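Colleague: Sequence and predicted structure, then a few things I'm wondering about:
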Amino acid sequence: MSKVSSMSSLRLTFRCAARGLGDSWRWHRAWLLAAVGLHGAQALLPAVQVMLINIVLLSLVTSAEAVIGPLLALTAVVGAAFPIGQVAWQCSQRLGLRLTHRYRTQLAEAAGRAAPSQLADPEFVADLAGAELATGNPGLGMIPAQTLQLLATVVTATSLCLSIAVINPVSGIFVAAALLPTVVAFTIIARVELAGLPKLARASRRASYLTEQLLQQRTGTELATLQSGHKVARLVTAARKEFLEVLDGLTRFGTRMELACAAATAVLLAGALLTMVLATPNAAGAAAAIAGIISGLHAIRACGNAFGQLVTAAPKAQLYDRVLASLPAAVARTASRTIGSVEANDLAVTYPGAERPALDGVSFTARRGEMVAFVGVNGAGKTTTVNTLLGIVGLGRGTIRLDGDDINELDEPERLSCFGLLTQEFGRYEFTCRETVALGTPGEVSDEQVWRALHAASAADFVRQWPTGLDTQLGQQWGGVGMSGGQWQRLALARIQLRQAPVWILDEPTSAIDAEAERAVFEELYRCRADHITIVVSHRAWTLKAMDRIHVFDHGRIVEVGTFDALLHRGGRFTELFAGQQIEA
């Protein structure tokens, strides 16, 4: 390990410690002050014991009465050591719990502001999972406790060295030197754990994801009906094994370093004891110093443990801070702007590692009041086009304009506020009905607005039948109502209705809905289309009949544009796609 690397690790550790104490001072000052006082008292006890033992032994030579006062004082100090240590530990734990809650809340609030483009980046998602892992126990919340323990050990070692140095200076130097192996060993451990943390986070995230598939009601039920839960359980086992192997490797290295550290510390303390026994003429002082050295063994060992946990936490804190810094600050969302047209010109996208472009020269225009459709086989370019509008996928070429203005000139929150998106993989949020429908709308919404959106999505009738209406808990795993796929989709559609964005993007918006409800939904979409631009992705022929324009995608290009009847009679790619479907009158 180079000198530069060692100093860098130490600086990172010290910054981590200062950050933890600073956060404690801002958020939980009373608990921090209590912990500082208790750890300070605990830190001075070994040195006080040395002085009192020396006084007691010297007093024995004078008279029996002279020893009573120092002996009572020594008894009080020894008796107070354990309860003070316990209360100090509990105080630090309670401070840590409060900080952990604060860090987890802070991360959740920041993650809630993550942009779609960030969540589409696997590296960012891995970092986010690592940051969440860093808030676990022990995690960032315990940094102040570890720092205070480390500082208390330094105070203990310093005061002990001074009290021993008065009796034998060389022994005092040996005791001070006994701290150095701990610092060196755990600095090396910190560098190794810093390199291994990303692997540990990835393995933990995959194991948690796989476990969640077994535990969630929807996916767990599907796996049970397929009699395949055991297959996912095997994947969980493999992921947990990978996590264990990474953690075991880090622990194994740490154990070896700690053993080497313990051996070096024992040698130095042995030197202190031998020097004290062989070179101290004062028997009382020697006995007191020996007792102090033995008492100090625990403090030095605690120093190693505290420093080790602190250097381990330092890279986690760095990752946590990096994730928070990468997330946008909270901004008040303004009302959605009115948009008269969306124009895409010559869009081109090539995904990393792909042999051919996902989009190549895609151009289209949609105006307020129009309903336009994207059709094509899977992989034809429809979803990629939608993702370019939202900014999830970056363009290699081309422009997107809202009312003639380049969409890239908008900041991301303003850009996203222009769109209401409903995908095939809509979220089944197991909150209350009101909370679920209002997810896409900033601020508070009235019950009247929610009911209006439910009516538009043909969902009001079944919501009225629920025990507590809008306050009904959704999802049986939380003791709520069970729902069909179609009911979930209608609530998702109501969410878009309530959002009232100027551009609606509906990807198979009725795929899980029965034919009668589907017809009612599309009739409502047709009825209210004048207020916004509607882009529909669909594979059902009859839902396309009333579209103003249909864009037919094939291999990343738009190969046909027209109305339903015009395209059907043209005999081109559109006809090939829908030739097997029965077209209703």
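Modeller: Sure, I can see it. Numbering: from 1, shown residues only.
Colleague: Pretty sure G369 sits in a strand.
Modeller: No: assigned with DSSP: H, G, I helix; E, B strand; the rest coil, G369 falls outside any strand and is coil.
Colleague: How about it: what's its closest non-neighbour residue?
Modeller: Leaving aside its sequence neighbours, G369 sits nearest to A530 (Cβ to Cβ, 6 or more residues apart in numbering; 4.7 Å). Where C-beta positions appear, they are placed from N, C-alpha and C, glycine not excepted.
Colleague: burial of that neighbour, as a residue count?
Modeller: 9 (other Cβ atoms under 10 Å).
Colleague: ok, it to M371 distance?
Modeller: 10 Å (Cβ to Cβ, to the nearest Å).
Colleague: thinking again about what came up before, and the residue nearest to G369, helix, strand or coil?
Modeller: The three-state assignment at A530 reads helix, by three-state DSSP.
Colleague: cool, L493 as well?
Modeller: Relying on three-state DSSP, one would call L493 helix.
Colleague: ok, now the one 3 residues further on?
Modeller: Taken by three-state DSSP, the conformation at I496 corresponds to helix.
Colleague: thought it was touching F419?
Modeller: No: I496 is beyond contact range of F419, at 9.7 Å (criterion: Cβ atoms under 8 Å).
Colleague: Find the residues that touch each one of these two.
Modeller: Residues touching both I496 and F419 (Cβ atoms under 8 Å, 6 or more residues apart in numbering) are W504.
Colleague: mind listing what E518 touches?
Modeller: Contacts of E518 by Cβ under 8 Å, 6+ apart are 510, 543.
Colleague: for the record, mean pLDDT for the helix or strand A18 falls within?
Modeller: Assigned by DSSP states H and E, A18 falls within helix 3-27. What helix 3-27 shows for mean pLDDT is 76.
Colleague: Equivalent analysis for stretch 203-220, please.
Modeller: The average pLDDT within stretch 203-220 is 81.
Colleague: for stretch 406-414, same thing?
Modeller: 87.
Colleague: What residues does R356 make contact with?
Modeller: Taking Cβ under 8 Å, 6+ apart, one finds 350, 555-556 in contact with R356.
Colleague: Quick check: closest non-adjacent residue to the residue most central in space within the chain.
Modeller: For the chain, the residue sitting closest to the mean C-alpha position, by Cα atoms, centre = their mean, is E132 at 3.2 Å. Nearest non-adjacent residue to E132, counting by Cβ to Cβ, 6+ apart: L107, 6.3 Å away.
Colleague: Which elements pack onto the helix or strand containing that neighbour?
Modeller: Taking DSSP H and E as the criterion, L107 maps to helix 64-111. Packing partners of helix 64-111 (3 or more Cβ pairs under 8 Å, 6 or more residues apart in numbering; DSSP states H and E): helix 3-27, helix 29-62, helix 122-134, helix 143-167, helix 283-326.
Colleague: hey, which of these is tucked in deepest?
Modeller: Greatest average neighbour count among those goes to helix 143-167 (a mean of 22), per mean count of other Cβ atoms under 10 Å.
Colleague: ok so, going back, give me the buried subset of the contacts of R356.
Modeller: Neighbour-count burial within the contacts of R356 applies to G556; the criterion is 16 or more other Cβ atoms under 10 Å.
Colleague: sec struct for the closest residue to R428 other than its chain neighbours, please.
Modeller: Nearest residue to R428, sequence neighbours excluded (Cβ to Cβ, 6+ apart): W488, at 5.0 Å. The three-state label given to W488 by three-state DSSP is helix.
Colleague: and W488, how many residues sit next to it?
Modeller: By other Cβ under 10 Å, the residues close to W488 number 22.
Colleague: helices and strands of the chain: which one has the lowest mean pLDDT?
Modeller: helix 283-326 (a mean of 72; mean pLDDT, DSSP states H and E).
Colleague: Scan this structure for its longest helix.
Modeller: helix 229-279 (DSSP state H).
Colleague: helices or strands up against that helix?
Modeller: helix 143-167, helix 169-177, helix 180-215, helix 217-225, helix 283-326.
Colleague: Out of those helices, the one nearest L544 is which?
Modeller: Closest approach to L544 among the helices and strands packed on helix 229-279 (Cβ to Cβ): helix 217-225, 30.2 Å.
Colleague: Distance of the residue nearest to E132 relative to L140?
Modeller: For L107 relative to L140 (Cβ to Cβ), the value is 10 Å.
Colleague: now do L148
Modeller: The gap separating L148 from L140 is 15 Å, by Cβ to Cβ.
Colleague: what bridges to the closest residue to P467 other than its chain neighbours?
Modeller: Leaving aside its chain neighbours, P467 sits nearest to V481 (7.8 Å; criterion: Cβ to Cβ, 6+ apart). Beta-bridge partners of V481, counted by DSSP bridges, are L474.
Colleague: Next one, pLDDT for V481 please.
Modeller: 89.
Colleague: burial of it, as a residue count?
Modeller: Neighbours of V481 using other Cβ under 10 Å come to 17.
Colleague: Equivalent analysis for I496, please.
Modeller: I496 has 23 nearby residues by other Cβ under 10 Å.
Colleague: Quick check: the gap between P181 and A492.
Modeller: As defined by Cβ to Cβ, P181 lies at a distance of 60 Å from A492.
Colleague: about what we covered before: relative orientation of the helix holding L107 and helix 143-167 in degrees?
Modeller: Interaxial angle, helix 64-111 versus helix 143-167 (axes from the mean of the first three to the mean of the last three Cα atoms, to 10 degrees): 150 degrees.
Colleague: Figure out how far helix 64-111 is from the centre of its chain.
Modeller: A distance of 31 Å separates the centroid of the chain from that of helix 64-111, by Cα atoms, centre = their mean, to the nearest Å.
Colleague: what element comes up after it heading to the C-terminus?
Modeller: helix 116-119.
Colleague: List the buried residues in that following helix.
Modeller: So helix 116-119, judged by 16+ other Cβ under 10 Å, has buried residues Q118.
Colleague: Against T100, how distant is the residue nearest to R428?
Modeller: Distance of W488 to T100, given as Cβ to Cβ: 34 Å.
Colleague: try R205
Modeller: Distance from R205 to T100, counting by Cβ to Cβ: 19 Å.
Colleague: try E524
Modeller: From E524 to T100 the distance is 47 Å (Cβ to Cβ).
Colleague: swap in E258?
Modeller: 26 Å.
Colleague: what do you get for V445?
Modeller: Counting by Cβ to Cβ - V445 and T100 are separated by 33 Å.
Colleague: Is R401 part of a helix or strand, or is it coil?
Modeller: strand.
Colleague: per-residue confidence for it?
Modeller: 94.
Colleague: Let me know how buried it is, in neighbour terms.
Modeller: Neighbour count of R401, defined by other Cβ under 10 Å: 16.
Colleague: Skipping adjacent residues, who's closest to it in space?
Modeller: Excluding its sequence neighbours, the residue lying closest to R401 (Cβ to Cβ, 6+ apart) is E343, at 4.6 Å.
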